[in-house]
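Student: Sharing a sequence plus its predicted fold:
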There are 2 protein chains.
Amino acid sequence: MAKKINHLLKAKENYTVAGTLWIEHEGERCFGVGRMELLQLINKTGSINKAAKEMGMSYKKAWNMISNLNTQWNEPMVITQSGGEGGGGSSLTEAALELISHHTAMRKRFLHFLATEKENLIHL
Amino acid sequence: MAKKINHLLKAKENYTVAGTLWIEHEGERCFGVGRMELLQLINKTGSINKAAKEMGMSYKKAWNMISNLNTQWNEPMVITQSGGEGGGGSSLTEAALELISHHTAMRKRFLHFLATEKENLIHL
């Protein structure tokens, strides 16, 4: 168990433990909160362009993120159909939905870890 | 338990789960790997200046980090003595050693968390 250090805290309610988490493939980030948000917005809007706009990023950047995703994993994550009545659009694959589900569960465990570490720090 | 997604991995040995962790005080970072390294180098060298040089940062930046540390926690972390035969020098307080010890233990738990998440991802 961690040794109590709450005598070092000024007012324990003002402290927290924070962090970030991501998955790497060959040493490069291949999934984290950014790509997660992008996929969710593509799922919601049916469009890489609209998703990029909602995130305040360029279409080119979003397209690069998707392009990397599609090569870093064994299955494509986003399918884009061009033309047609609705002018095409993008949608997520089953693989993307599975990855989102895994990431959501991992994120929940991470938030639990952070909360536990906050308890370890401040020993409420 | 996490749902198996290892069919999404190209070659499972190439994936890992990575992250960073820090302590915040009033929404601002007040301890993490950077300050940890700085304190350890001050402990080793007895000098903020030498510690800063080893980390490739300016004396001013290191001094600001120490100054913040000394106000974000309830006790000073670094004591600097000026003048004297040896030209003064800096040393860590007992509080700093306790904080380092806590951070080391927290970091160890975090690395364990990351390793577990890697297992969850690749289901070896």
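Tutor: Cool, got the structure.

Student: contacts and neighbour counts: CA atoms only from here.
Tutor: OK.

Student: Tell me the strands beside the helix or strand hosting A:Ser91, with direction?
Tutor: Secondary structure from DSSP states H and E places A:Ser91 in strand A:89-92. Sheet partners assigned to strand A:89-92 using DSSP bridges are listed as strand A:78-81 (antiparallel).

Student: average pLDDT across the partner strand?
Tutor: Here strand A:78-81 scores 90 as its mean pLDDT.

Student: so how far is chain B from A:Asn6?
Tutor: 9 Å (Cα to the nearest Cα, to the nearest Å).

Student: what's the answer for A:Val78, then?
Tutor: Separation of A:Val78 from chain B (Cα to the nearest Cα) stands at 14 Å.

Student: ok, that residue touching A:Glu94?
Tutor: No: contact criterion Cα atoms under 8 Å: A:Val78 and A:Glu94 do not qualify, at 9.4 Å.

Student: who has more neighbours, those two?
Tutor: A:Val78 (21 against 13; other Cα atoms under 10 Å in any protein chain shown).

Student: so the more buried one bridges to which residues?
Tutor: A:Leu92.

Student: so where do the strands sit in chain A?
Tutor: Counting by DSSP state E, chain A has strands at residues A:15-25, A:28-31, A:78-81, A:89-92.

Student: Could you name the helices and strands sitting against the second one?
Tutor: So that's strand A:28-31. Under the contact definition 3 or more Cα pairs under 8 Å, 6 or more residues apart in numbering or on different chains; DSSP states H and E, strand A:28-31 sits against strand A:15-25, helix A:59-72.
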